[in-house]
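S.K.: Structure, please.
(one chain, ligands or ions: 2)
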Amino acid sequence: VKRGLRALINRETISKDGKKVELGCNIGNPNDAEKAHENGAEGIGLYRTEFLYMDRSDLPSEEEQFSAYKKVLEIMGDRPVVIRTLDVGGDKELPYLQLPREMNPFLGYRAIRICLDQKEIFKTQLRALLRASTYGNLKIMYPMISSVEEVRSANTVLEEVKEELERENIAYSKDIEVGIMIEIPAAAIISDLLAKEVDFFSIGTNDLIQYTTAVDRMNEKISHLYNPFNPAVLRLIQQVIVNGHRAGIWVGMCGEVAGDKRLIPILLGMGLDEFSMSAGNLLPARRQIHGLIYEEMKNISEKVLEMSTAEEIQQFLTEATSQ
Ligand code: PEP
Ligand code: MG
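M.R.: Ligands and ions are numbered 1, 2, ... in the order given. Got it, this is the predicted structure:
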């Protein structure tokens, strides 16, 4: 941690005019939680559990998963820890599942779609999560949700697993929040409906940009089109926040955009409740938010949402938010 930032480690993340937000950290394995803690994370906003399943020859057992989840929860103490259920497929392969080759892996058999199809894999993970829940402040998050039915089906499996544990007299926390990633345009568009089904949203801009603009996030040749300032993307983000708040749930973001200093001012202005990012971005983001005035950012974000092009938006923001 850089010297100039150290003083911020145990501070709140609050704007000049008193708007408080939460800064979470994105992690890929349990050891990263230490680093998150050292960098002043107020929680884990995204634990990508797929890394537990990768680079090995078979599925991780319930016990293995339980220890990994327990470790993160213990490191974070009473701070919230959002653990995302398995998000494989797309660019993340699991050779031992012998999934068929697909023409469009990013539009294919992946994430929650696999979990709802191969329920044993999903159940094992949910059992491990529920068992670990008594060691901290766990929140469960489903990836790649595109419909209300998927949320309900996933929750049905979760309820089944809870009943199993009860029959076996195994303890789990009774007040675990369950949320979803909003990373598919369909989910953003029906976020008013989805908000009634869950306790929170976390906007996954990495995929939301890719799917909204039909630009492969890995394709160098079209990377100039992969632009978070695209008005279509910003409008969707705004809608998701508004719809979440109308239903009384909190809205976070765990895509790269959440830690991008060019976008933090308008995300604050749009009312985003939680920003989750890589450990290195946490303290700079906190320092930035300390210097911002929420009421001003609200006006700026309203103006931005009226603009026609990414370029216009970016230029306006550079001028309006330079400190
Ligand atoms: C996202 O899509 O924004 C996200 C956070 O998930 P991942 O990068 O793991 O797809
Ligand atoms: Mg994603």
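S.K.: Just give the nearest non-adjacent residue to Pro105, would you?
M.R.: Distances taken as C-beta to C-beta, 6 or more residues apart in numbering put Gly90 closest to Pro105, at 5.4 Å, once the chain neighbours are dropped. In this view, the C-beta of every residue, glycine as well, is placed from N, C-alpha and C.
S.K.: Repeat that for Leu292.
M.R.: Closest residue in space to Leu292, ignoring its immediate chain neighbours: Ser15 at 5.0 Å, by C-beta to C-beta, 6+ apart.
S.K.: Correct me if wrong: that neighbour contacts Ile293.
M.R.: Yes - applying C-beta atoms under 8 Å, one finds Ser15 in contact with Ile293, separated by 6.2 Å.
S.K.: re the thing from before, who touches the residue nearest to Pro105 in this structure?
M.R.: 105-106, 108, 110-111 (C-beta atoms under 8 Å, 6 or more residues apart in numbering).
S.K.: Pull out the buried members of those residues.
M.R.: The neighbour count (16 or more other C-beta atoms under 10 Å) marks 106, 110-111 as buried among the contacts of Gly90.
S.K.: residue closest to the middle of this protein?
M.R.: Nearest to the mean C-alpha position of the chain, by C-alpha atoms, centre = their mean, lies Cys254 at 3.5 Å.
S.K.: in the helix or strand where Glu159 lies, what counts as buried?
M.R.: Take DSSP states H and E as the rule and Glu159 turns out to sit in helix 148-167. Residues of helix 148-167 classed as buried by neighbour count (16+ other C-beta under 10 Å): 150-151, 153-154, 157-158, 161-162, 165.
S.K.: So which of Ser15 and Ile293 has more stuff around it?
M.R.: Legend: neighbour count by other C-beta atoms under 10 Å for Ser15 and Ile293, higher for Ser15 (21 against 17).
S.K.: wait, what's in contact with that one?
M.R.: By C-beta under 8 Å, 6+ apart, the contact list for Ser15 reads 21, 268, 289-290, 292-294, 297.
S.K.: now Asn206
M.R.: Asn206 sits next to 183, 217, 255-256 when contact means C-beta under 8 Å, 6+ apart.
S.K.: Would you indicate which residues of the host helix or strand of it are buried?
M.R.: Element membership for Asn206, per DSSP H and E: helix 205-213. Using 16+ other C-beta under 10 Å as the test for burial, helix 205-213 gives 205, 207-213.
S.K.: near ligand 2 at all, that helix?
M.R.: Yes - Helix 205-213 is in contact with ligand 2 by C-beta under 5 Å from the ion, via Asp207.
S.K.: Would you mind listing the buried residues in stretch 222-230?
M.R.: 226-230.
S.K.: nearest to Asp273, of these?
M.R.: Closest approach between the buried residues of stretch 222-230 and Asp273, by C-beta to C-beta: Pro228, at 18.8 Å.
S.K.: What is the three-state secondary structure of that closest one?
M.R.: Classification of Pro228 using DSSP: H, G, I helix; E, B strand; the rest coil returns coil.
S.K.: which ones are touching it?
M.R.: Counting by C-beta under 8 Å, 6+ apart, Pro228 makes contact with 205, 209, 234, 256-257, 260, 263.
S.K.: Packing partners of the helix or strand of the chain with the lowest mean pLDDT?
M.R.: Ranked by mean pLDDT, DSSP states H and E, the weakest helix or strand in the chain is helix 3-6, scoring a mean of 90. Other elements packing on helix 3-6 under the criterion 3 or more C-beta pairs under 8 Å, 6 or more residues apart in numbering; DSSP states H and E are helix 279-290.
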